[in-house]
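Build me a structure from this.
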Amino acid sequence: MRPIFFLFFILLFSNCEKNMEASADMKIATVKLPPRQDSDSKDKQLPNEVSQKIIKTANLRFETDDLEKTYSEIQKALAVSKGTILNDSQGKDYGSVYRNIRLKVPSQNFDIFINDISKGVSYFESKEITAEDVTEQFIDLTSRLKTKKKLEERYLEILKKATKVSEILEIEEQISNIREEIEAKEGKLKYLESQVSESTIIIQFYKTTAEKEGVKISYGSKLWTAIKSGFFSLSDFLIELLSVWPFVLIFCVLAYFIRKRFKRRKKE
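Presented below is the predicted three-dimensional model:
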């Protein structure tokens, strides 16, 4: 009788256990789990409050027939794009005169400015345009800055509760170091913001002088130039001659007396 009762108890216990597992599975099934995301896609997604940070730069070089006209056109395009000139230098080397301009243009007007100054250029000797994405660097600096500021707040709270002079001095030293790091990161963020908000553009344009001026001078012009040069040389000679007239007069008087003496000797 006892074995039969023991067997019945085991079957009853196993049946209850199965019912409990089934009810537990039903409870788990009713819970709505969030959609699964890969770790890579999480890393690639940007925070909603941070927009993409792009640093744009351009370096242009071309030849022109009129330096002043080209510079005037660049100024007009710069006024439309609300840009500013940072550096402006000009000079002359063998066979050409040139002008180099370094300027800043708001990033939203970068493409407009490049298109405006490209209209009057037949071809570019060099045209380099770069776009550097610094979004991750910006996010990293922002995150580190927030962490340092929270750490600074914690040290300030601890400083309020400190009683010993040694503890106060040690905490103040830590706060000073953290403050230096915060200022350094804030400086980097401001620099990145300025580079992103305003694009740097370098424009180099020049005019060839030696060959073009040689072609424009005709043979008649060269002949007339030679005549004028000879006339001016003769004038210079006469002026030099007038400056030594006393010596010329003495020479003429001496020549006259010497000649007269020779004539007397021949007659004798």
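
From here on, just use CA atoms for contacts and neighbour counts.
Fine.

so where do the helices sit in the protein?
Along the chain, counting by DSSP state H, helices occupy 2-30, 39-44, 67-81, 110-118, 135-161, 165-197, 210-216, 219-243, 245-267.

on contacts alone, who are the packing partners of the fourth one?
Counting by 3 or more C-alpha pairs under 8 Å, 6 or more residues apart in numbering; DSSP states H and E, the packing neighbours recorded for helix 110-118 are helix 67-81.

With only the CA atoms kept, save the helix it packs on in CSV.
Output in CSV follows, covering the C-alpha atoms of helix 67-81 (Å, rounded to 0.1, in the frame of the first residue of the first chain):
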residue,chain,number,x,y,z
LEU,A,67,44.5,91.0,-61.6
GLU,A,68,42.4,94.0,-60.5
LYS,A,69,39.3,92.8,-62.2
THR,A,70,39.7,89.3,-60.7
TYR,A,71,40.2,90.8,-57.3
SER,A,72,37.1,92.9,-57.7
GLU,A,73,35.0,89.8,-58.7
ILE,A,74,36.3,88.0,-55.6
GLN,A,75,35.3,90.9,-53.4
LYS,A,76,31.8,90.9,-54.9
ALA,A,77,31.4,87.1,-54.3
LEU,A,78,32.8,87.6,-50.8
ALA,A,79,30.2,90.2,-50.0
VAL,A,80,27.3,88.0,-51.2
SER,A,81,28.6,85.1,-49.1
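
least reliable of the helices of the chain going by mean pLDDT?
Looking at those, the lowest mean pLDDT belongs to helix 39-44 (a mean of 40).

and residue 106, what is it in contact with?
The neighbourhood of residue 106, defined by C-alpha atoms under 8 Å, 6 or more residues apart in numbering, consists of 81-83, 197-199.

Let me fix that, I meant to ask about residue 65.
Residues counted as contacts of residue 65 (C-alpha under 8 Å, 6+ apart) are 207-208.

do the same with the one 10 residues further on
The neighbourhood of residue 75, defined by C-alpha under 8 Å, 6+ apart, contains no residues.

domain parsing for this structure?
Following automatic domain parsing, the chain resolves into domains at 54-135+199-210, 142-195.

Distance to residue 261 added to these, as TSV?
Shown next, in TSV, are the domains of the chain (distance: least, C-alpha to C-alpha, whole Å):
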stretch	distance to residue 261
domain 54-135+199-210	63
domain 142-195	98
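
closest one to residue 251 among the ones you listed?
Closest approach to residue 251 among the domains of the chain (C-alpha to C-alpha): domain 54-135+199-210, 49.6 Å.

between the domains of the chain, which gets nearest to residue 255?
Residue 255 lies closest to domain 54-135+199-210 among the domains of the chain, at 53.6 Å (C-alpha to C-alpha).

What distance do you get for residue 123 to residue 171?
Separation of residue 123 from residue 171 (C-alpha to C-alpha, to the nearest Å) stands at 64 Å.

and those two? which has more neighbours close in?
Taking neighbours as other C-alpha atoms under 10 Å, residue 123 and residue 171 compare with residue 171 leading, 17 against 13.

For the more buried one, list the residues it contacts.
By C-alpha under 8 Å, 6+ apart, residue 171 lies in contact with 155, 158-159.

ok so, going back, columns neighbour count and distance to residue 163 on top of the contacts of residue 106, output as a markdown table?
Converted to a markdown table, the contacts of residue 106 look like this (neighbours: other C-alpha atoms under 10 Å; distance: C-alpha to C-alpha, whole Å):
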| residue | neighbour count | distance to residue 163 |
| --- | --- | --- |
| 81 | 21 | 60 |
| 82 | 13 | 58 |
| 83 | 21 | 57 |
| 197 | 17 | 48 |
| 198 | 20 | 50 |
| 199 | 22 | 53 |
